[in-house]
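**Student:** All I have is the shape, not the residue letters:
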């Protein structure tokens, strides 16, 4: 009898939690990720003045 009462209580408690919000961020996560660009250069890197490797004298080792 106690098990049936406990099972009934658990079922009623879970059924009542269907539309409840446990944590409401009030739309802050959607607001922060809206219209955000991953790359400022749209995926293109400027490689013209990029020095890959220079030695101690400042001369380019890899060209």
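**Tutor:** Looks like it came in fine. Since the model is a prediction, treat every value here as computed from it, not as a measurement.

**Student:** Number of residues surrounding residue 35?
**Tutor:** Taking other Cβ atoms under 10 Å as the criterion, the count of residues near residue 35 is 5. Glycine gets a C-beta too; all of them are placed from N, C-alpha and C.

**Student:** secondary structure element for it?
**Tutor:** For residue 35, there is no enclosing helix or strand under DSSP states H and E.

**Student:** do you know how far it is from residue 28?
**Tutor:** From residue 35 over to residue 28 the distance is 15 Å, taken as Cβ to Cβ, to the nearest Å.

**Student:** Residue 54 too?
**Tutor:** As judged by Cβ to Cβ, residue 54 and residue 28 stand 45 Å apart.

**Student:** mean confidence for the longest helix anywhere in the chain?
**Tutor:** Secondary structure assigned by DSSP state H gives helix 2-16 as the longest helix of the chain. Here the mean pLDDT over helix 2-16 is 84, rounded to a whole number.

**Student:** In terms of secondary structure, what does whichever helix or strand comes after that helix contact?
**Tutor:** Counting by DSSP H and E, the element after helix 2-16 in chain order, helix or strand, is helix 28-32. With contacts defined as 3 or more Cβ pairs under 8 Å, 6 or more residues apart in numbering; DSSP states H and E, there are no secondary structure elements packing on helix 28-32.

**Student:** per-residue confidence averaged over helix 28-32?
**Tutor:** When pLDDT is averaged along helix 28-32, the result is 72.

**Student:** which of the residues in it are buried?
**Tutor:** For helix 28-32, burial by neighbour count (16 or more other Cβ atoms under 10 Å) applies to no residue.
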